[in-house]
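Undergrad: Sequence and predicted structure, then a few things I'm wondering about:
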Amino acid sequence: HVQLVESGGGSVQAGGSLRLSCAPSGDIYAGRCWAWFRQAPGKEREGVATMWTGGGTIYYADSVKGRFTISQDNTKNTVNLQMNSLKPEDTAMYYCATYAGGWCEKWDRYNNWGQGTQVTVS
């Protein structure tokens, strides 16, 4: 079981930006599905964005399309989430997750999770 470490959360005013980063502890970066999820208090966890680090389709939830960008940094072996034009409804705990598959939009297949990083938009 590989540890995933998220960073970059914080508090920001509406309209602002934050950049989240996810770093795996082991050599599992390439050729896997990676995703960012979020969970707000009292709500179900939702998939926000996903990508395959072998190259391929990137998917975004409708609620973040045009504002969030998921990307990979091959020099640092990290998967990042750039969040722009943040809204109060984006407030949630954000989680990085991965699984060794290629159908990245299958949200229920992710089996390696980070501890989460809080994003608060006021």
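TA: Sure thing, it's come through. Numbering: from 1, shown residues only.
Undergrad: Tell me the strands beside the host helix or strand of C22, with direction?
TA: Using DSSP states H and E, C22 maps to strand 18-24. Strand pairing for strand 18-24, using DSSP bridges, gives strand 4-7 (antiparallel), strand 78-83 (antiparallel).
Undergrad: Neighbouring strands of the helix or strand that it is followed by in the sheet, and parallel or not?
TA: Counting by DSSP H and E, the next helix or strand C-terminal to strand 18-24 is strand 33-39. Sheet pairing here is set by DSSP bridges, and for strand 33-39 it gives strand 46-52 (antiparallel), strand 92-99 (antiparallel).
Undergrad: closest to W107 out of the ones you listed?
TA: With C-beta to C-beta, the closest approach to W107 among the strands paired with strand 33-39 belongs to strand 46-52: 4.3 Å. No exception for glycine: its C-beta is placed from N, CA and C like everyone else's.
Undergrad: For that closest one, the averaged confidence score.
TA: The pLDDT scores in strand 46-52 average 95.
Undergrad: And for it, what's in contact with it?
TA: Here strand 46-52 makes contact (C-beta atoms under 8 Å, 6 or more residues apart in numbering) with 31-39, 57-61, 63-64, 68-72, 79, 81, 94, 102, 104-105, 107.
Undergrad: centroid residue for the protein?
TA: W36 (2.1 Å; C-alpha atoms, centre = their mean).
Undergrad: Next up, the contacts around it.
TA: So W36 contacts 20, 22, 47-50, 68, 70, 79, 81, 94-97 (C-beta under 8 Å, 6+ apart).
Undergrad: Which among those count as buried?
TA: Buried subset of the contacts of W36 (neighbour count, 16 or more other C-beta atoms under 10 Å): 20, 22, 47-50, 68, 70, 79, 81, 94-97.
Undergrad: what does the strand holding C22 contact?
TA: Contacts of strand 18-24 (C-beta under 8 Å, 6+ apart): 2-10, 12, 34, 36, 76-83, 86, 94, 96, 98, 112, 114, 117, 119.
Undergrad: Good, wrapping up.
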